[in-house]
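**Q** this is the structure alone, sequence omitted:
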């Protein structure tokens, strides 16, 4: 059976998408092809890198590829997961609409409302505590997604 392909996409430099991709690779190695992309490639800040290192996962400071480049390259996915936090100034509606326009013909689009690491306020320790919550929320969402994909695969 063909392995399912999942793309995680977030705004800005792609830390949330990269974390979700790495969790899929850790939890379901070789079972699902996971990719990450972003709308604004650049460097991933140290905070998400640090909190992932705490759980034994190394992520690069390099952001994932642009979602538009993957589309131009003809990449096709079974699921496209957007990670955009609706309760902030992130342009979530526009962001999700763009992803839907690019991928809805071939993929099921799923949206997760996950806070952006850039929005965290407070002392360094307070930011790190909040970053751990984001990291753990992404892991929880990934586990639920993997259970769903497994159930969907059994139906086919």
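**A** Yep, it's here. Source: prediction; values computed, not measured.
**Q** please name the nearest non-neighbouring residue to residue 132.
**A** Spatial nearest neighbour of residue 132, excluding adjacent residues (Cβ to Cβ, 6 or more residues apart in numbering): residue 51 at 5.3 Å. Yep, even glycine has a C-beta here, placed from its N, CA and C like the rest.
**Q** and the longest helix along the chain, which residues are buried?
**A** As assigned by DSSP state H, the longest helix anywhere in the chain is helix 124-155. Buried residues in helix 124-155, counted by 16 or more other Cβ atoms under 10 Å: 127, 130-131, 134-135, 137-139, 141-142, 145-146, 149.
**Q** rewinding a little: so the residue nearest to residue 132 is in contact with residue 133, correct?
**A** No. The pair residue 51 / residue 133 is not scored as a contact, 9.4 Å apart, by Cβ atoms under 8 Å.
**Q** re the thing from before, among the buried residues of helix 124-155, show me the least confident.
**A** In terms of pLDDT, the weakest of the buried residues of helix 124-155 is residue 149, which scores 90.
**Q** hmm, back to that, so what touches the host helix or strand of the residue nearest to residue 132?
**A** According to DSSP states H and E, residue 51 maps onto helix 46-53. Contact with helix 46-53 is made by 15-16, 18-19, 22, 58-59, 61, 117, 120, 127-128, 131-132, 134-135, as judged by Cβ atoms under 8 Å, 6 or more residues apart in numbering.
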